[in-house]
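**Q** A predicted structure for the sequence below; I have some questions about it.
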Amino acid sequence: MNDTPCPASILIVEDESIVAADIESSLKQLGYLVAGKVDTGKRALELAAILKPSLVLMDIMLRGDMRGTTAAKVLREEFHLPVVMLTGNTDIATFRNALGSAPYGYVLKPFEDRELHIAIEIALEKHAAAQARESLIKQLEAALQQVKMLQEIVPVCAWCRKIRDDDGFWQTVEKYLSSHFKVDFTHGVCPECVKSAFPDLQPDSHPDSGEPVHPDC
C-alpha cells in the first residue's frame with residue numbers, strides 16, 4: 001500500500017501568458033500538479049468549481065471586470081480554497097488591497113522558486129489547520145446541542161409514559177430517545193417484574209442475578 005500523499009493541485013490565475021507559463025514550469029519542477037491556467041477572475045471561479053484545486057495562485061491585476069482580490073474573496077468565502085496573491089506592485093495601497101481579500105500568502109514578482117515553494121507550503125498548512133479548527137468547532141457545537149437537549153423539560157404522559165416530541169406527537173420512550181440520541185434498546189424483563197407479573201414461575205427460572213429473563217422462552 002502506497003502511503004505517499006498526492007501532490008497539491010494548483011490553479012494559476014495570471015493574465016500574462018509568458019508569466020503564467022513560467023509559473024507552470026516552476027510548479028511542476030517543485031512537484032505540484034497544475035490544475036489549470038486562466039487569465040480572468042470570472043474564469044477562475046468557473047474552473048475552481050469544477051476542478052476543486054488545493055490552492056489558487058492569483059494575480060492581483062487581471063483583465064476583465066473582476067479584480068484578483070474580488071475573485072480571491074469569493075474563492076475563500078464560497079469555495080473555501082486558500083489563495084496566494086501574486087503581484088509586481090510593491091506600493092502599500094496594493095498590499096492593503098490584497099489583505100482585504102484575506103489571502104493565505106503574498107508573493108512579489110519576480111520571485112524565485114524557493115520563495116514560491118515556501119509561500120505555497122505555508123498556505124496549505126494554514127488552510128489545513130483552519131479546516132481542522134472548523135471541524136472541531138462543529139463537533140463542539142453538536143456536543144453542546146446534545147447537552148442542551150438533555151437539559152430540556154420533556155413532556156411525559158403520567159399514565160402511559162409516552163413522550164411528546166417537538167411536533168406535538170406522542171412517542172414511546174424508546175422511539176423518542178432513539179430519534180434524539182444514538183441509542184438502541186434491547187427488551188427483557190427484570191427480576192422484580194417477573195415476580196410481579198409471573199408469580200407462578202419457578203423461582204429458579206428467574207434468578208435475582210440482574211440478567212434479563214424472557215418468560216416466553
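**A** Structure received.
**Q** How far off centre is the helix or strand hosting residue 46?
**A** Element membership of residue 46, judged by DSSP states H and E, is helix 41-51. Mean-position distance between helix 41-51 and its chain equals 21 Å (CA atoms, centre = their mean, to the nearest Å).
**Q** Next: stretch 169-186.
**A** 29 Å.
**Q** now do stretch 52-60
**A** Offset of stretch 52-60 from its chain centre (CA atoms, centre = their mean): 19 Å.
**Q** Not counting its own residues, what contacts that stretch?
**A** For stretch 52-60, contacts defined as CB atoms under 8 Å, 6 or more residues apart in numbering pick out 8-16, 19, 23, 35-36, 44, 48, 67-69, 71-72, 75, 79, 81-87, 89, 94, 97-98, 103-104, 120, 123-124, 127. Just so you know, the C-beta spots here come from the backbone N, C-alpha and C atoms, and that holds for glycine as well.
**Q** Just the buried ones out of those, please.
**A** Among these, those classed as buried by 16 or more other CB atoms under 10 Å are 8-16, 19, 23, 35-36, 44, 48, 67-69, 71-72, 75, 81-87, 94, 97-98, 103-104, 120, 123-124, 127.
**Q** Just these: which are in helices?
**A** Of these, the ones assigned to helices by DSSP state H are 19, 23, 44, 48, 68-69, 71-72, 75, 94, 97-98, 120, 123-124, 127.
**Q** quick one, strands of this protein?
**A** Assigned by DSSP state E, the chain shows strands spanning 9-13, 33-38, 55-59, 83-87, 105-108, 163-164, 170-171.
**Q** And those strands: which comes nearest residue 131?
**A** Nearest of these to residue 131, taken as CB to CB: strand 55-59 at 12.9 Å.
**Q** Next, the angle helix 41-51 makes with the closest one.
**A** Strand 55-59 and helix 41-51 are oriented at 170 degrees to each other (axes from the mean of the first three to the mean of the last three CA atoms, to 10 degrees).
**Q** Tell me which residue is most central in this protein.
**A** What sits nearest the mean C-alpha location of the chain, by CA atoms, centre = their mean, is residue 135, with 5.3 Å.
**Q** that older thread, so what does the helix holding residue 46 touch, helix or strand wise?
**A** Where contact means 3 or more CB pairs under 8 Å, 6 or more residues apart in numbering; DSSP states H and E, helix 41-51 is packed against strand 9-13, strand 33-38, strand 55-59, helix 68-77.
**Q** Export these to a markdown table and append columns for distance to residue 178 and mean pLDDT.
**A** Converted to a markdown table, the helices and strands packed on helix 41-51 look like this (distance: least, CB to CB, whole Å; pLDDT from 0 to 100):
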| stretch | distance to residue 178 | mean pLDDT |
| --- | --- | --- |
| strand 9-13 | 43 | 96 |
| strand 33-38 | 45 | 95 |
| strand 55-59 | 43 | 94 |
| helix 68-77 | 38 | 89 |
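**Q** Tabulate the strands of the chain in JSON lines, adding columns for distance to residue 189.
**A** Converted to JSON lines, these look like this (distance: least, CB to CB, whole Å):
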{"stretch": "strand 9-13", "distance to residue 189": "61"}
{"stretch": "strand 33-38", "distance to residue 189": "63"}
{"stretch": "strand 55-59", "distance to residue 189": "62"}
{"stretch": "strand 83-87", "distance to residue 189": "64"}
{"stretch": "strand 105-108", "distance to residue 189": "66"}
{"stretch": "strand 163-164", "distance to residue 189": "22"}
{"stretch": "strand 170-171", "distance to residue 189": "22"}
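**Q** Nothing else from me, thank you.
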